[in-house]
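In: Sequence plus the predicted model coming up.
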Amino acid sequence: MKYSTLSIFAFVAVGLFSCDLGPESPKGFSLPEGNSEEGKVVFVKYQCLACHSIDGLEPLSEQNDNPEFSVYLGGTTTKVKTYADLLTSVINPSHKFARGYKLNSIQTDGVSKMTVYNDVMTVTELVNLVTFLQSNYELTPFRRSDYPYYGYNEGVK
């Protein structure tokens, strides 16, 4: 009994300490709060409307609007669009590709066609842009199916 308790304790301790990801861990990483209105200005400044559409914003006449290639951003979704998801999509667009689009229209040889703005956009602009993008998503839960109750006890639901 004494050895089994000690073994369980040792197993739990090893499990807890092995969760550390080391220097690659995102633990402790935090960006300042962004401003959604300023993010909207950034969205227009970098001509994101040339390849993206978002409710309430129309491309300026000098922007290269491409209707056959327009990735829709925002709207209702059943999956939370986290700040980290959106941030990663901007700084590493080849990380994950948008669903519902032909792959050859959004990537070439596994690399996103989206321009990488990492050397152009400031961190403040990035934070504001991601805050703006996140504010355009609305979480809607899955609609629960209304199945009849098939209980064993009469009258119990």
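Out: Looks like it came in fine. Just so it is clear, the model here is predicted, and its values are computed rather than measured. Numbering: from 1, shown residues only.

In: leaving aside the residues next to it on the chain, what's closest to residue 112?
Out: residue 93 (3.8 Å; CB to CB, 6 or more residues apart in numbering). Glycine gets a C-beta too; all of them are placed from N, C-alpha and C.

In: And for residue 38?
Out: residue 128 is the one closest to residue 38 (CB to CB, 6+ apart), at 4.2 Å.

In: buried residues in stretch 32-41?
Out: 34, 38, 39, 40 (16 or more other CB atoms under 10 Å).

In: Which neighbouring elements make contact with the host helix or strand of the last one?
Out: Pointing back at residue 40 there. Assessed by DSSP states H and E, residue 40 sits inside helix 36-45. In terms of contacts (3 or more CB pairs under 8 Å, 6 or more residues apart in numbering; DSSP states H and E), helix 36-45 is packed against helix 123-135.

In: Following the helix it packs on in sequence, what is the next regular element?
Out: strand 137-139.

In: re earlier: what residues are up against the residue nearest to residue 38?
Out: 34, 35, 36, 38, 39, 41, 42 (CB atoms under 8 Å, 6 or more residues apart in numbering).

In: one more time with 6 Å
Out: Going by CB atoms under 6 Å, 6 or more residues apart in numbering, residue 128 touches 34, 35, 38, 39, 42.

In: how close does it get to residue 121?
Out: Distance from residue 128 to residue 121, counting by CB to CB, to the nearest Å: 10 Å.

In: ok so, going back, please look at the residue nearest to residue 112 and residue 111 and confirm they touch.
Out: No: the criterion here is CB atoms under 6 Å, and residue 93 misses it with residue 111 at 8.6 Å.

In: Good, wrapping up.
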